[in-house]
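Student: pasted the sequence and its predicted model underneath.
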Protein chains: 2
Amino acid sequence: MNAPATPAASPVCPRQCEACGLRRTSAFTKVGAEELAFIDGLRSGTHSVPAGGTLIAEHRPNGKLYTLYAGWAFRYKTLSDGRRQILNFLLPGDLIGLQQEFGDTAMHGVDALTDCNFCVFPADGLWTLFHARPRLGYDVTWLAAREEGMVDDNLLTTGRRNATERVAMLLMHLHRRLARLGLTEPDGSVLFPINQQHIADALGLSLVHTNKTMRRLLQLGLHEISGGRLKILNPRALGRIAEYYETLPRPVPLL
Amino acid sequence: MNAPATPAASPVCPRQCEACGLRRTSAFTKVGAEELAFIDGLRSGTHSVPAGGTLIAEHRPNGKLYTLYAGWAFRYKTLSDGRRQILNFLLPGDLIGLQQEFGDTAMHGVDALTDCNFCVFPADGLWTLFHARPRLGYDVTWLAAREEGMVDDNLLTTGRRNATERVAMLLMHLHRRLARLGLTEPDGSVLFPINQQHIADALGLSLVHTNKTMRRLLQLGLHEISGGRLKILNPRALGRIAEYYETLPRPVPLL
DNA sequence: CGTAAACTTGACCCTTTTCAAAGCCCGTGG
DNA sequence: CCACGGGCTTTGAAAAGGGTCAAGTTTACG
């Protein structure tokens, strides 16, 4: 379907946006030379966070905006006694920090799952962007709406699906997103750098129950996880269980 | 704190945005005359939906944008067997339909809880708006980020809080939002046009368990619901249970 | 005053959580 | 080369929170 140059090939953000590995990908909307130059000018630098590190600490809003260039990360919120809810997983191309920018109630942390590289945009960059490049402003809103859509889905999953359905949903969802980024191996497997605790926290389940549920699915031969990679063996069955609907792939804006 | 003219006073959208009852309220950001005129020009009309009716049917995307002028509504998603998850409640001033506009995966229904009046903006209005009025584009993004923040909160609630905490959270959350809109009566009570089924669907609980949980809270004297009105009797206790953090009120953009 | 919708309650069952303890994988250091 | 330790996964058993079923009861309203 799509076999773009994998962004993982060179995981470090290039100096110039024109050399951006992500943009080569068919996953993102094409953007004019002028706009590209503008983005390049707006970008204040890059930042990298090692696996397990935190990009944004909860309750400590920072106005900066980031685009995840390479790696996996996740957004989360916690309660005072340590209960944690993962809001969504972040993959290359995702824009991070909009809520912070607007200094609203939305406070959440962002941690890296693998070594991550981010492009950094200054706090007041958005304002500039909206004025100078309405088209890009529109794109930002698009991205915001898209991310909200993902959280909506997670809310449905967490609120109304049972454990088996939840796991099936998560596997299908992540696999599809990675596939769209061209991050699948020829054998159909994808990198899967999250452990069962992350899955439990994303799905609102306990670790133990998550494990037992995944074990059951595993024994049914619906998927396979080993060596930090995930392979979906029976997408139809998993999709049916999760009531997962494929949506037509569509290029996504990239800041 | 704020005692603005209640929008509910005249529940029908006025012809001209300049006469907008909502804008009189201290809850919304002031906007220049030019921008106001622009919004007025953009607005293609008004629409009203009776209590129980639906503004947007699930899985049937319509490109229009709406601003809820008066009334209560809610966004939801359902599974094929009827399980329903309410994503969030919509109160006056909320912008509706961004996800649709962008035609992404985010498919959800919007139903009216009370008789509702909406201002309608055409499908391609956003594009125009971003180009002609960057400031308003920025506002739209702000609203999108704010709504995502609310869904984030709901996800934490549904995924990691127990039944009692969930109910406490919902009551505090709605009461605060209404208070900010100036929709509290002198006695501190607010309109509360939702039934226990709605609460259950918003919190990811069953109807029966929701009832038992609310009954317990009621007997503790933490709140009071009758005649379609809610009064918080012990905000401190409810807030503590929910681990609810008050955020400083702040004017919100209005389209 | 009658009907329908919404709220309550009790009993029972089951999914999920909690607690506790092994087992496994792997990198480190002796 | 092997023992050791830490993180992650697996399992079992027991408890609990929440779901389901099946009536009632109250309230709203025509």
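Tutor: Happy to help now that I have it.

Student: what does chain A put close to DNA strand D?
Tutor: A:195-197, A:207-208, A:211-212, A:214-215, A:218 (Cβ under 7 Å from any atom of the strand). C-betas here are computed from N, CA, C, even on glycine.

Student: can you pick the most crowded of those residues?
Tutor: A:Met214 (22 neighbours; other Cβ atoms under 10 Å in any protein chain shown).

Student: which element follows the helix or strand containing it toward the C-terminus?
Tutor: Assignment of secondary structure by DSSP states H and E places A:Met214 within helix A:207-219. Counting by DSSP H and E, the next helix or strand C-terminal to helix A:207-219 is strand A:223-226.

Student: from the residues of chain A next to DNA strand D, which two are the most distant?
Tutor: By the measure Cβ to Cβ, A:Gln197 and A:Leu218 form the most distant pair in the residues of chain A next to DNA strand D, at 17.3 Å.

Student: show me where chain A has its helices.
Tutor: Counting by DSSP state H, one finds helices in chain A at the ranges A:21-24, A:33-42, A:98-101, A:125-132, A:134-160, A:163-180, A:196-203, A:207-219, A:235-242.

Student: rounded mean pLDDT for the first one, please.
Tutor: Mean pLDDT, taken over the full extent of helix A:21-24, equals 89.

Student: again with the last one
Tutor: Per-residue pLDDT values over helix A:235-242 give a mean of 97.

Student: quick one: contacts of that helix?
Tutor: Outside helix A:235-242, the residues within contact range by Cβ atoms under 8 Å, 6 or more residues apart in numbering or on different chains are A:161, A:164-166, A:168-169, A:171-172, A:175, A:217, A:220, A:222-223, A:232, A:244, A:246.

Student: contacts for the helix or strand of chain A with the lowest mean pLDDT?
Tutor: Ranked by mean pLDDT, DSSP states H and E, the weakest helix or strand in chain A is helix A:98-101, scoring a mean of 80. By Cβ under 8 Å, 6+ apart, the residues outside helix A:98-101 that reach it are A:56, A:61-65, A:106-108, A:123, A:126, A:140, A:143-144, A:147, B:141, B:144-145, B:148-149, B:152.

Student: how about the CA coordinates for it, as CSV?
Tutor: What follows is helix A:98-101, C-alpha atoms only, in CSV (Å, rounded to 0.1, in the frame of the first residue of the first chain):
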residue,chain,number,x,y,z
LEU,A,98,-1.3,22.2,22.3
GLN,A,99,-3.1,22.0,25.6
GLN,A,100,-0.2,23.4,27.4
GLU,A,101,0.1,26.2,25.0
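
Student: any weak-confidence spans in chain A?
Tutor: A:1-10, A:103-106 (pLDDT under 70).

Student: so which residue is dead centre in it?
Tutor: Residue closest to the average C-alpha location in chain A (Cα atoms, centre = their mean): A:Leu90, at 2.1 Å.

Student: if we can go back for a sec, ok now the helix holding A:Met214, how far from the chain's centre?
Tutor: 24 Å (Cα atoms, centre = their mean, to the nearest Å).

Student: does that helix reach chain B?
Tutor: No. Under the criterion of Cβ under 8 Å from any Cβ of the partner chain, chain B is not reached by helix A:207-219; the shortest gap measures 12.5 Å.

Student: could I have that helix exported to PDB, CA atoms only?
Tutor: The C-alpha coordinates for helix A:207-219 follow below in PDB (Å, rounded to 0.1, in the frame of the first residue of the first chain):
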ATOM      1  CA  LEU A 207      -1.800  -5.400  35.100                       C
ATOM      2  CA  VAL A 208      -2.800  -8.900  36.100                       C
ATOM      3  CA  HIS A 209      -6.000  -8.900  34.200                       C
ATOM      4  CA  THR A 210      -4.300  -7.400  31.200                       C
ATOM      5  CA  ASN A 211      -1.800 -10.200  31.200                       C
ATOM      6  CA  LYS A 212      -4.500 -12.900  31.500                       C
ATOM      7  CA  THR A 213      -6.500 -11.400  28.700                       C
ATOM      8  CA  MET A 214      -3.500 -11.100  26.400                       C
ATOM      9  CA  ARG A 215      -2.500 -14.600  27.200                       C
ATOM     10  CA  ARG A 216      -5.900 -15.800  26.100                       C
ATOM     11  CA  LEU A 217      -5.700 -13.900  22.800                       C
ATOM     12  CA  LEU A 218      -2.300 -15.200  22.300                       C
ATOM     13  CA  GLN A 219      -3.400 -18.800  22.700                       C
END
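
Student: what angle do that helix and helix A:235-242 make?
Tutor: Helix A:207-219 runs at 140 degrees relative to helix A:235-242, counting by axes from the mean of the first three to the mean of the last three Cα atoms, to 10 degrees.

Student: just checking, what packs against helix A:207-219?
Tutor: The helices and strands touching helix A:207-219, judged by 3 or more Cβ pairs under 8 Å, 6 or more residues apart in numbering or on different chains; DSSP states H and E, are helix A:163-180, helix A:196-203, strand A:223-226.

Student: wait, which of these is closest to DNA strand C?
Tutor: helix A:163-180 (3.4 Å; Cβ to the nearest atom of the strand).

Student: who's in contact with that closest one?
Tutor: Against helix A:163-180 from outside (Cβ under 8 Å, 6+ apart): A:1-2, A:27, A:89, A:91, A:153, A:157-158, A:161, A:184, A:190-192, A:199, A:202-205, A:209-210, A:213-214, A:216-217, A:222-223, A:230, A:232, A:235, A:238-239, A:241-244, A:246, A:249.

Student: for stretch A:146-160, same thing?
Tutor: So stretch A:146-160 is in contact with A:87-88, A:94-95, A:98, A:165-166, A:169-170, A:173, A:202-204, A:252, B:75, B:77, B:79, B:83-85, B:87, B:98-99, B:102, B:104-106, B:108, B:144, B:147-148, B:151-152, B:154-155, B:158-159, B:201, B:203-204, going by Cβ under 8 Å, 6+ apart.

Student: restrict the residues you listed to contacts with DNA strand C.
Tutor: A:Gly204.

Student: buried subset of the contacts of stretch A:146-160?
Tutor: With burial judged by 16 or more other Cβ atoms under 10 Å in any protein chain shown, the buried subset of the contacts of stretch A:146-160 is A:87-88, A:94-95, A:98, A:165-166, A:169-170, A:173, A:202-204, A:252, B:75, B:77, B:83-85, B:87, B:98-99, B:102, B:104-106, B:108, B:144, B:147-148, B:151-152, B:154-155, B:158-159, B:201, B:203-204.

Student: so what touches stretch A:195-202?
Tutor: A:74, A:76, A:84-86, A:88-89, A:113, A:154, A:167, A:170, A:205-207, A:209-211, A:214, B:159.

Student: enumerate the residues of chain A near DNA strand C.
Tutor: A:162-164, A:204-210, A:212-213, A:227.

Student: so which of those would you say is closest to B:Gly45?
Tutor: A:Gly204 (41.3 Å).

Student: what separation do you get for the closest one and A:Leu248?
Tutor: Note on A:Gly204: its distance to A:Leu248, by Cβ to Cβ, to the nearest Å, is 29 Å.

Student: just A:Leu222 next, same as before
Tutor: Counting by Cβ to Cβ - A:Leu222 and A:Leu248 are separated by 24 Å.

Student: what's the answer for A:Lys77, then?
Tutor: Counting by Cβ to Cβ - A:Lys77 and A:Leu248 are separated by 31 Å.

Student: what's the PyMOL syntax to select whichever of the contacts of helix A:163-180 are buried?
Tutor: In PyMOL, this line selects whichever of the contacts of helix A:163-180 come out buried by 16+ other Cβ under 10 Å:
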select buried, chain A and resi 27+89+91+153+157+158+161+184+190+191+192+199+202+203+204+205+210+213+214+217+222+223+230+232+235+238+239+241+242+243+244
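
Student: now do the contacts for the closest residue to A:Gly221 other than its chain neighbours.
Tutor: If the residues on either side of it in the chain are set aside, A:Gly221 comes closest to A:Leu233, at 5.7 Å by Cβ to Cβ, 6 or more residues apart in numbering or on different chains. Applying Cβ under 8 Å, 6+ apart to A:Leu233 gives the contacts A:221-224.
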